[in-house]
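J.: Just the structure for this:
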Amino acid sequence: MCRRGSAGRIAGLLLATTAMAASSGAWRSSDPGHLRWRVEVAGTGIPAANDRTAYFFTRHHEVIAVDILDGGTLWRSALPSSDALQSSALRLGGGVLVAGDGDLFGLDPSSGKLLWRFAPADGYGAGLYVGVLQDGAAFTGSPAGRLYGVELASGRLRWSTLVGTDTTVFEPAGNAHALFAAYTRFLTRESGVVSVALDTGRVRWQHPLSCGDTCGAFAGGLAVAGDLVLAASGDGALHALSATDGAVRWSTPARSPGTAPAPDYRALAVVGRRLVAGSLTGEVAAYSFDEPRELWRYPGRRGSTGFTLAVGDDTIYVPFLSGDLVALNADTGAERWAVGRDVGRFRSAPFVAPEVVLAAGASGLFAFSK
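T.: Reported below is the predicted structural model:
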């Protein structure tokens, strides 16, 4: 079955990679490049962690748990067969490790035992766009045009909401009362943001991000900060919408033709009162919420930025589709450290734990000092 949202994000951007042979050994180093340990297992997707354990996807649709201090393997669990293009993200909450891998899976974090599997009767791909875990549920988008709320304890459907046909709904973010997700309608080349009630899935509002033919197949990133929902349209413009009703609070100008790909895809993250945006140009820029105005810009010299960014304290962690991983000072945009593609071949965002940054690369699983 064609997963248009996943294919649209990846086609033409990712180069084929060959996974390394799996090994259970961990390599530790006092390297000045911040490397704590490395497990020689080919990884993918976004990791998760608690105080003692780090969880990763392998390239073979497995979940592996390792000791967060030294990288020693604790357990390894193979997921049921999946036709997903790649594993997406692991989330930990409510005593359940949620794994997005085509379908959505719930695992016991202590043993890797499969607790439940959610495969929607009214769609597909519920594990490809795993969003937030809150209020006792996992909330996901899908390339079937639906948002899903799934009970963490049982894996049962809480609600399903159709956003549109021929539509991909990306990872939802949330606040105490509502969910917000970016979407793309492929036939009409329309991107936008939808908000639904957290408890029922009822649509609260919908706001299209119209930008003509430049919108293409990308909705751009999405982030929530207080009473603002922040999104990017395919022409490179950034938009702040009211979380209450979707009204536009402010927008930045579209990028000039020829200065960026059309459409552009701008992964977003929030640090304090700053919005940080990546780009297919490879540039990373920060904007003030208040005016808005550009605060700093990191030049694009490593290829396109990845589809998600990670935040820890005052640092932004940026994966590049070239395979590099870069840590930037969130105040200035200065490069704090970088790991080249020859080390890890990273394309997914890392997970920022209290003491370490966990990253899954095609050539290993890594823990870096913050």
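J.: Need the per-residue pLDDT for residue 5.
T.: With respect to pLDDT, residue 5 has a value of 49.
J.: do the same with residue 10
T.: At residue 10, pLDDT is 37.
J.: any idea which element residue 37 lies in?
T.: strand 35-39 (DSSP states H and E).
J.: distance between whatever helix or strand comes next after that strand and the chain's centre?
T.: Next along the chain after strand 35-39, taking DSSP H and E as the criterion, comes strand 43-49. Taking C-alpha atoms, centre = their mean, to the nearest Å, the mean C-alpha location of strand 43-49 is offset from the chain mean by 10 Å.
J.: Repeat that for stretch 325-343.
T.: 18 Å.
J.: start to end distance for that stretch?
T.: With C-alpha to C-alpha, to the nearest Å applied, stretch 325-343 spans 10 Å between its terminal residues.
J.: ok, the closest residue to residue 119 other than its chain neighbours - contacts?
T.: Nearest residue to residue 119 in three dimensions, chain neighbours excluded: residue 103, at 4.5 Å (C-beta to C-beta, 6 or more residues apart in numbering). For the C-beta atoms, the positions are set from N, CA and C on the backbone; glycine is no exception. Shown in contact with residue 103 (C-beta atoms under 8 Å, 6 or more residues apart in numbering): 80, 82, 117-119, 126-127.
J.: Determine which two of those residues are furthest apart.
T.: 80 and 126 (13.9 Å; C-beta to C-beta).
J.: Tell me which of the two has more neighbours.
T.: Set residue 80 next to residue 126 and count neighbours by other C-beta atoms under 10 Å: residue 126 wins out with 26 against 12.
J.: Which stretches in the stretch 251-370 of the chain count as strands?
T.: For the stretch 251-370 of the chain, the strands defined by DSSP state E, counting those that start in this stretch occupy 268-271, 274-277, 284-288, 294-298, 310-312, 315-319, 325-329, 335-339, 351-352, 356-361, 364-369.
J.: can you redo those as CSV with mean pLDDT?
T.: Listed next are those as CSV, based on pLDDT from 0 to 100:
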stretch, mean pLDDT
strand 268-271, 95
strand 274-277, 95
strand 284-288, 96
strand 294-298, 96
strand 310-312, 95
strand 315-319, 96
strand 325-329, 95
strand 335-339, 92
strand 351-352, 97
strand 356-361, 96
strand 364-369, 95
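J.: what's the distance between the residue nearest the centre of the chain and residue 269?
T.: Of all residues in the chain, the one closest to the mean position by C-alpha atoms, centre = their mean is residue 308, 4.3 Å from it. To residue 269, residue 308 is 8 Å away according to C-beta to C-beta, to the nearest Å.
J.: Also residue 87?
T.: 21 Å.
J.: now residue 305
T.: For residue 305, the distance to residue 269 - C-beta to C-beta - is 11 Å.
J.: In terms of neighbours, single out the busier of those two.
T.: Using other C-beta under 10 Å as the criterion, residue 305 and residue 269 rank with residue 305 on top: 27 against 24.
J.: for the more buried one, what are its contacts?
T.: 267, 278-280, 282-284, 318-321.
J.: Quick check: the two most widely separated of these?
T.: Taking C-beta to C-beta, no two of the contacts of residue 305 sit farther apart than 283 and 319, at 14.5 Å.
J.: The two: who's more crowded?
T.: residue 319 (30 against 18).
J.: Phi first, then psi, for the nearest residue to that one once chain neighbours are set aside.
T.: In space, and not counting its chain neighbours, residue 319 is closest to residue 306: 3.7 Å by C-beta to C-beta, 6+ apart. Per-residue torsions, residue 306: phi -70, psi -180 (degrees, to the nearest 10).
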